[in-house]
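Q: what would the 3D arrangement of this be:
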Amino acid sequence: LISSATKSLRMETEILEKKLQDAQMKLAEKDGDKEKEIQSLKRLISELEFQLTMEKSNNESFLDKLRKEMKHKSDELEKLTQERTQLIHSLSQVQEENALLQDTVRRECEERCGLTAALGRAREQVLQLRRLSGTFP
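A: Predicted structure coming up:
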(Lines give C-alpha, C1' and ligand atoms only; values in the text may rest on other atoms or scores of the structure.)
Protein backbone atom coordinates (compact mmCIF):
# COMPACT_ATOMS: atom_id res chain seq x y z
CA LEU A 1 0.00 0.00 0.00
CA ILE A 2 2.84 2.34 0.94
CA SER A 3 4.73 1.35 -2.14
CA SER A 4 1.66 1.92 -4.27
CA ALA A 5 1.00 5.28 -2.60
CA THR A 6 4.66 6.25 -3.01
CA LYS A 7 4.57 5.22 -6.63
CA SER A 8 1.34 7.14 -7.13
CA LEU A 9 2.83 10.21 -5.41
CA ARG A 10 5.99 9.94 -7.52
CA MET A 11 3.93 9.75 -10.69
CA GLU A 12 1.83 12.67 -9.52
CA THR A 13 5.04 14.54 -8.63
CA GLU A 14 6.49 13.79 -12.06
CA ILE A 15 3.26 14.99 -13.73
CA LEU A 16 3.27 18.12 -11.61
CA GLU A 17 6.99 18.68 -12.30
CA LYS A 18 6.31 18.25 -16.04
CA LYS A 19 3.39 20.69 -15.79
CA LEU A 20 5.65 23.05 -13.85
CA GLN A 21 8.36 22.76 -16.51
CA ASP A 22 5.75 23.32 -19.26
CA ALA A 23 4.38 26.32 -17.39
CA GLN A 24 7.93 27.65 -16.85
CA MET A 25 8.70 27.16 -20.57
CA LYS A 26 5.49 28.93 -21.56
CA LEU A 27 6.30 31.69 -19.09
CA ALA A 28 9.84 31.95 -20.49
CA GLU A 29 8.42 32.10 -24.03
CA LYS A 30 5.94 34.77 -22.99
CA ASP A 31 8.73 36.66 -21.24
CA GLY A 32 10.83 36.39 -24.42
CA ASP A 33 7.92 37.53 -26.55
CA LYS A 34 7.26 40.41 -24.18
CA GLU A 35 10.96 41.33 -24.21
CA LYS A 36 10.93 41.28 -28.03
CA GLU A 37 7.79 43.41 -28.04
CA ILE A 38 9.37 45.82 -25.54
CA GLN A 39 12.50 46.09 -27.72
CA SER A 40 10.34 46.60 -30.82
CA LEU A 41 8.34 49.31 -29.04
CA LYS A 42 11.56 50.97 -27.85
CA ARG A 43 12.85 51.04 -31.44
CA LEU A 44 9.53 52.43 -32.63
CA ILE A 45 9.63 55.09 -29.90
CA SER A 46 13.19 56.01 -30.90
CA GLU A 47 12.19 56.26 -34.56
CA LEU A 48 9.14 58.36 -33.71
CA GLU A 49 11.21 60.63 -31.44
CA PHE A 50 13.73 61.05 -34.28
CA GLN A 51 10.91 61.87 -36.72
CA LEU A 52 9.46 64.32 -34.22
CA THR A 53 12.86 65.98 -33.81
CA MET A 54 13.23 66.21 -37.59
CA GLU A 55 9.71 67.65 -37.94
CA LYS A 56 10.44 70.22 -35.22
CA SER A 57 13.67 71.15 -36.97
CA ASN A 58 11.91 71.44 -40.33
CA ASN A 59 9.11 73.49 -38.78
CA GLU A 60 11.59 75.82 -37.08
CA SER A 61 13.50 76.20 -40.33
CA PHE A 62 10.27 76.90 -42.19
CA LEU A 63 9.19 79.42 -39.54
CA ASP A 64 12.58 81.15 -39.72
CA LYS A 65 12.24 81.33 -43.49
CA LEU A 66 8.72 82.77 -43.16
CA ARG A 67 9.90 85.30 -40.57
CA LYS A 68 12.72 86.45 -42.85
CA GLU A 69 10.34 86.70 -45.79
CA MET A 70 7.84 88.63 -43.67
CA LYS A 71 10.61 91.00 -42.50
CA HIS A 72 11.71 91.49 -46.11
CA LYS A 73 8.13 92.19 -47.22
CA SER A 74 7.63 94.56 -44.30
CA ASP A 75 10.82 96.46 -45.20
CA GLU A 76 9.73 96.55 -48.83
CA LEU A 77 6.30 97.84 -47.84
CA GLU A 78 7.86 100.55 -45.67
CA LYS A 79 10.13 101.59 -48.54
CA LEU A 80 7.18 101.70 -50.96
CA THR A 81 5.14 103.69 -48.46
CA GLN A 82 7.96 106.24 -48.16
CA GLU A 83 8.26 106.43 -51.95
CA ARG A 84 4.49 106.91 -52.19
CA THR A 85 4.62 109.71 -49.63
CA GLN A 86 7.44 111.38 -51.57
CA LEU A 87 5.52 110.99 -54.84
CA ILE A 88 2.40 112.51 -53.27
CA HIS A 89 4.50 115.43 -52.01
CA SER A 90 6.10 115.84 -55.46
CA LEU A 91 2.68 115.63 -57.11
CA SER A 92 1.38 118.32 -54.78
CA GLN A 93 4.32 120.59 -55.65
CA VAL A 94 3.85 119.93 -59.37
CA GLN A 95 0.11 120.67 -59.09
CA GLU A 96 0.88 123.96 -57.32
CA GLU A 97 3.45 124.82 -59.97
CA ASN A 98 0.98 123.85 -62.70
CA ALA A 99 -1.73 126.05 -61.17
CA LEU A 100 0.75 128.96 -60.98
CA LEU A 101 1.78 128.43 -64.61
CA GLN A 102 -1.86 128.22 -65.74
CA ASP A 103 -2.59 131.47 -63.92
CA THR A 104 0.45 133.09 -65.52
CA VAL A 105 -0.60 131.87 -68.99
CA ARG A 106 -4.15 133.14 -68.37
CA ARG A 107 -2.84 136.58 -67.35
CA GLU A 108 -0.46 136.71 -70.33
CA CYS A 109 -3.30 135.71 -72.66
CA GLU A 110 -5.49 138.46 -71.21
CA GLU A 111 -2.61 140.92 -71.57
CA ARG A 112 -2.04 139.74 -75.16
CA CYS A 113 -5.73 140.18 -75.94
CA GLY A 114 -5.53 143.67 -74.49
CA LEU A 115 -2.41 144.45 -76.51
CA THR A 116 -3.96 142.98 -79.66
CA ALA A 117 -7.05 145.15 -79.13
CA ALA A 118 -4.86 148.20 -78.48
CA LEU A 119 -2.83 147.41 -81.61
CA GLY A 120 -6.05 147.12 -83.61
CA ARG A 121 -7.22 150.49 -82.31
CA ALA A 122 -3.81 152.00 -83.05
CA ARG A 123 -3.95 150.69 -86.63
CA GLU A 124 -7.39 152.16 -87.07
CA GLN A 125 -6.12 155.47 -85.76
CA VAL A 126 -3.14 155.32 -88.13
CA LEU A 127 -5.44 154.52 -91.03
CA GLN A 128 -7.73 157.38 -90.06
CA LEU A 129 -4.75 159.70 -89.77
CA ARG A 130 -3.52 158.61 -93.18
CA ARG A 131 -6.96 159.25 -94.65
CA LEU A 132 -7.15 162.59 -93.02
CA SER A 133 -3.62 163.46 -94.03
CA GLY A 134 -4.52 162.51 -97.61
CA THR A 135 -7.31 165.06 -97.64
CA PHE A 136 -5.25 167.73 -95.88
CA PRO A 137 -1.85 168.50 -97.37
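
Q: quick one: the helices in the chain?
A: 2-135 (DSSP state H).

Q: where does pLDDT dip in it?
A: In the prediction, the chain carries residues with pLDDT under 70 at positions 135-137.

Q: how much space between the spatially most central residue of it and residue 79?
A: Residue closest to the average C-alpha location in the chain (Cα atoms, centre = their mean): residue 70, at 5.2 Å. Between residue 70 and residue 79 the distance is 15 Å, computed by Cβ to Cβ, to the nearest Å. (Glycine included, C-beta is placed from N, CA and C.)

Q: residue 66 too?
A: 20 Å.

Q: next one: residue 27
A: Residue 27 is 76 Å from residue 79, by Cβ to Cβ.

Q: likewise residue 1?
A: In terms of Cβ to Cβ, residue 1 sits 113 Å off from residue 79.

Q: also residue 122?
A: Residue 122 is 62 Å from residue 79, by Cβ to Cβ.

Q: residues near residue 33, how many?
A: Around residue 33 there are 10 other residues, counting by other Cβ atoms under 10 Å.

Q: go on, residue 128?
A: So residue 128, with other Cβ under 10 Å, has 10 neighbours.

Q: now do residue 76
A: Residue 76 has 10 nearby residues by other Cβ under 10 Å.

Q: with the one 5 residues further on instead?
A: Number of residues near residue 81 (other Cβ under 10 Å) recorded here: 10.

Q: likewise residue 78?
A: 10.

Q: swap in residue 97?
A: Counted with other Cβ under 10 Å, residue 97 comes out at 10.

Q: which residues touch it?
A: Applying Cβ atoms under 8 Å, 6 or more residues apart in numbering to residue 97 gives no contacts.
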